[in-house]
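# Using only what follows, build the 3D model:
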Amino acid sequence: MSLPESNTDSDATEALAAALAATSLTSPLSKLVLPSSPSFPRASSPYNLLLSPQPLAIFYPPTPHGVASAVRAAARAGVPVVARSGGHSYAGYGLSDGALVISLERLDGIEVLEEGRAVVGTGNRLGAVVRRLWERGRRAVPTGTCPHVGIGGHASFGGYGPLSRMHGLILDRIVGAEVVLASGEIVHASKKEHSDLFWALRGAAPSFGIVTAWTFDTVPAPETMISFSIFFNSHPKETLVSAFDAFQRFMYTDPPGRLYAVVVLSPDGDGGVNLKIYGHHFDGDQEDLISVIRPLLDALPKGYDFHSEWHEGLAALEATLEPAVEHDRFYAKSLFIDAPLPLPTLESYFTYLFKEGTSTKLDWFAMSDPYNGAIHSVPSTSTAFPHRSVLFGFQLYANTSNSDPTIPEKEFFAFVDGMQRSITPHLQAAYANYCDPRLRPGEWPRVYFAGNLGRLREVKRVLDPGNVFRFPQSVEPAEE
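Model prediction:
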């Protein structure tokens, strides 16, 4: 996948290396990996193998002060800076062309304070955060389900997960952040300190600085959980349309926040499509679960398989996580909707999946996550994340088994574009954590940031007028 080009010539590399060396960053406690290093190909390998980013260098600082020195050095050399937390960016923006990548994996401390707040280094991944918060006081934050995703980007752009209908997005639990600014200054941002920065961090952090640690207001972790699934295997299109419609209308009633439920569509391998509704009900028993989802069960067409399983303790939280995947070769798009899809739209969507989705050589899935509950309780301008009236967030995803390199990228694009167009021809809102590098320059700012874009650009003008922190979809400074 081709991304916008940046300066990647040897002169820029040499200038950056000299600037870094002048700051004594080549000490044994830090590591600088240049393109000439044997370890560079592995260090610069993206999660998404459809991409081939070419960063200028990758620096591994052991402390926030090391981050600050590297930012100052890159600014002097005229080199853009990007941060990498877990390296899971769908568009590879943590490895942007021509940039100094500051890899934060060594900043992985987690401290749980007496009042239930937790200071989490941005080198942590979600699986470690889930486990260590439980071990250090049976606490939790509403993380996503992919254990290998870094907490940095996840918290920066939203952070949706199984606890979100009960406790909001993970960025809604942020009460403070340690941040390295474009000047190299290290500041603490909160509602009382650097409040404009704090607002911008919660929805667009990588454009404004490098967060070295987040402070979260944690919640008591669920003690028990019932996992459940409702499975329609190889049913006719009409049955799946009815099932999806029943699910979306049930979730539109905004059931109790303790319920997490999503719907996933995928090929059945035999010329049809599978529909699976699955999720969790926290701190309740089987009777509680059935009571909550009874209206859904009564509305669904007959012929589904139902399964449930009891979990408790740390196992309950870890059961929400999926297996870790080191790499994939894929393309994805996202979109948000505020109300149930009309039946003609559902007919269009499922007709496409039954026709194109059963004939493509690609593997694929289409997931719809409910974004109501506690997420709706936050006004759209309270944080930089504006999408606060959403019913569902769609993730439309196509990949290849074993990262097969033989299928050309244009087939990924055509298939996923078609999925989106079958729902809506005009994208109105999308999720920046599922960043799509093919969105047009005038399109992605609108669909990611909506009415908050103007304020974001003003904050950028004040804090990073030289646009040190930049990548293809970073916020640009407002004009003077």
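# show me the contacts for the residue nearest the centre of the chain.
When CA atoms, centre = their mean is applied to the chain, the residue found nearest the centroid is residue 433 (3.3 Å). For residue 433, the contact set (CB atoms under 8 Å, 6 or more residues apart in numbering) comprises 90, 153-154, 157-160. C-beta coordinates here come from the backbone N, C-alpha and C atoms, glycine included.
# what's the answer for residue 307, then?
228-229, 231.
# cutoff 6 Å now
By CB atoms under 6 Å, 6 or more residues apart in numbering, the contact set of residue 307 is residue 229.
# So what sits opposite it in the bridge?
Counting by DSSP bridges, residue 307 forms beta bridges with residue 229.
# Tell me the spacing between the residue nearest to the centre of the chain and residue 235.
Shown here: residue 433 relative to residue 235, a distance of 32 Å by CB to CB, to the nearest Å.
# re the thing from before, part of a helix, is the residue nearest to the centre of the chain?
Yes. Per DSSP: H, G, I helix; E, B strand; the rest coil, residue 433 lies within a helix segment.
# Residue 278: how many residues sit nearby?
15 (other CB atoms under 10 Å).
# for residue 193, same thing?
A count of neighbours around residue 193, defined by other CB under 10 Å, yields 12.
# Tell me the pLDDT of it.
On the pLDDT scale, residue 193 is placed at 98.
# nearest residue to it other than its sequence neighbours?
Leaving out its chain neighbours, the residue that sits closest to residue 193 by CB to CB, 6 or more residues apart in numbering is residue 187, at 7.3 Å.
# Just give the number of residues close to the one you found.
Around residue 187 there are 16 residues (other CB under 10 Å).
# isn't it right up against residue 194?
Yes. Assessed by CB atoms under 6 Å, residue 187 is found in contact with residue 194 at 5.5 Å.
# before we move on, the earlier item: among the contacts of residue 433, which lie within helices?
Under the assignment DSSP state H, the contacts of residue 433 contribute 153-154, 157 to helices.
# Would you reformat those as TSV and include neighbour count and distance to residue 45?
TSV is the format used below for these (neighbours: other CB atoms under 10 Å; distance: CB to CB, whole Å):
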residue	neighbour count	distance to residue 45
153	27	17
154	28	20
157	25	22
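# I'd like those written out as TSV, with distance to residue 241 and pLDDT added.
Shown next, in TSV, are those (distance: CB to CB, whole Å; pLDDT from 0 to 100):
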residue	distance to residue 241	pLDDT
153	35	97
154	33	98
157	32	98
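# pLDDT weak spots in this protein?
Residues of the chain meeting the criterion pLDDT under 70: 1-9, 22-28.
# Helices along that one, start to end?
Here the chain has its helices, by DSSP H, at 10-22, 40-43, 64-77, 126-135, 151-157, 164-167, 195-204, 237-252, 286-299, 314-318, 343-355, 409-423, 444-449, 453-463.
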